[in-house]
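Q: Fold the following and give me the result.
(one chain, ligands or ions: 1)
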Amino acid sequence: MSLQSDLIHVFNGIPFTTRSSAELLRSLDEFQARHDDLLLVSYPKSGTHWLAEIMKHLYSSKVSITSPIEFGNVSKLEELSNIPTKRIIPTHLNFNMLPADFKAKKCKAIYIIRNPKDTAVSLFHYYRDNPNLPTIEGWGTYFDMFLHGEVVCGSWFDHILSWEEHRNEMGTLFLYYEAMKKDIFQSVKKISHYLGINITDNEVHEICKKTSFSEMKNNVEKENTDPNNTVCSLTSNKKLIFRKGTVGDWKQYFSNKQNRLFDEMYNTKMDSSNLAKHIHYDN
Ligand SMILES: Nc1ncnc2c1ncn2[C@@H]1O[C@H](COP(=O)(O)OS(=O)(=O)O)[C@@H](OP(=O)(O)O)[C@H]1O
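A: Presented below is the predicted three-dimensional model:
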């Protein structure tokens, strides 16, 4: 099956939507990072918006949460360079495509990981609802596409492994969606510790309340949508982001055979991964 379509182009072997122009992707390597830039990194549908909302409250108004670095055309990079405050930059980029200056300057990065089975289901719905993504035939066809990395942003496995391989270069903090669902208080404390932000337990409790799934979903209904109001390069429509926000939804979708195929691929690809023992794969 061809990965190319009117909405998708392949760059460095990875499918991107046309919302990330080839010209922009080509010029990423010239991007000037700043020492205090913070990257919020994820494979799509792993909890990026949740993490960004936590950041917004942790820093209050002293930072700019920008649009994703791979979204738009080259003028976007100029816009980013003109931001006067500390920048929090979301991205779905594989480590190998990250602008080199972030690596040279050892910028902090937080990478959020979700059980790939739930990630796959969440991305399936995104494909169905998001006009920026090509039409897919159904769950069965999509499942094979996901497993073989023929979806936007490429292979989940390659994405995770690329960031794990270089984890020490930037001191990347890895967070796990399911651990956040289980104990958001400790997760917020962990993030604030990583960033060196002093925060009281009461303040942490407040952040937990303000960033709950229901609170964030309700807020979307009240907001106007503008082209920059998601932290996902694949859409500007926030209404597409908040679907269920649960753990284990994959069980409603995977057949026994699909589950076996997925487990085989996971075990092969993640065999030498140290992160694998932290991923909530069996939830
Ligand atoms: N606050 C909060 N708590 C728990 N879960 C949450 C929260 N906010 C978003 N979500 C769920 O995260 C999924 C979307 O992931 P992303 O934000 O990474 O999407 S995107 O790739 O940036 O578009 C998507 O998952 P699914 O519901 O399974 O589709 C969202 O519902």
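Q: Show me which residues of the stretch 101-250 of the chain are close to the ligand?
A: Contact residues (CB under 6 Å from any ligand atom) of the stretch 101-250 of the chain with the ligand: 118, 122, 125, 211-213, 216, 231-232, 234, 241-245, 249. The C-beta positions use only the backbone N, C-alpha and C, and glycine is treated the same way.
Q: Show me just the buried residues among these.
A: Buried members of these, counted by 16 or more other CB atoms under 10 Å: 118, 122, 211, 216, 231-232, 234, 241-243, 245, 249.
Q: In JSON lines, list these along with pLDDT and secondary structure.
A: Shown next, in JSON lines, are these (pLDDT from 0 to 100; DSSP: H, G, I helix; E, B strand; the rest coil):
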{"residue": "Asp118", "pLDDT": "98", "secondary structure": "helix"}
{"residue": "Ser122", "pLDDT": "98", "secondary structure": "helix"}
{"residue": "Thr211", "pLDDT": "96", "secondary structure": "coil"}
{"residue": "Met216", "pLDDT": "93", "secondary structure": "helix"}
{"residue": "Val231", "pLDDT": "90", "secondary structure": "coil"}
{"residue": "Cys232", "pLDDT": "90", "secondary structure": "coil"}
{"residue": "Leu234", "pLDDT": "91", "secondary structure": "coil"}
{"residue": "Ile241", "pLDDT": "92", "secondary structure": "coil"}
{"residue": "Phe242", "pLDDT": "93", "secondary structure": "coil"}
{"residue": "Arg243", "pLDDT": "95", "secondary structure": "coil"}
{"residue": "Gly245", "pLDDT": "97", "secondary structure": "coil"}
{"residue": "Asp249", "pLDDT": "97", "secondary structure": "helix"}
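Q: For the stretch 51-200 of the chain, which residue gets nearest to the ligand?
A: Nearest residue of the stretch 51-200 of the chain to the ligand (CB to the nearest ligand atom) works out as Ser122 at 3.3 Å.
Q: Can you tell me how far that residue is from Trp156?
A: From Ser122 across to Trp156, the span is 11 Å (CB to CB, to the nearest Å).
Q: so where do the strands sit in the stretch 1-150 of the chain?
A: Applying DSSP state E, counting those that start in this stretch to the stretch 1-150 of the chain gives strands spanning 8-11, 14-17, 38-42, 63-65, 86-91, 108-113.
Q: Tell me which of the ones you listed sits nearest to Leu275.
A: Nearest to Leu275, of all those, is strand 108-113, at 7.0 Å by CB to CB.
Q: Give the closest residue to His280 in space, chain neighbours not counted.
A: In this structure, His280 finds its nearest non-sequential neighbour in Glu178, 3.6 Å apart by CB to CB, 6 or more residues apart in numbering.
Q: how distant is stretch 37-44 from the center of its chain?
A: Its chain's average C-alpha position is 6 Å from that of stretch 37-44, according to CA atoms, centre = their mean, to the nearest Å.
Q: Counting neighbours, what do you get for Ser192?
A: Other residues lying near Ser192 total 17 when counted by other CB atoms under 10 Å.
Q: Please consider this matter closed, and thank you.
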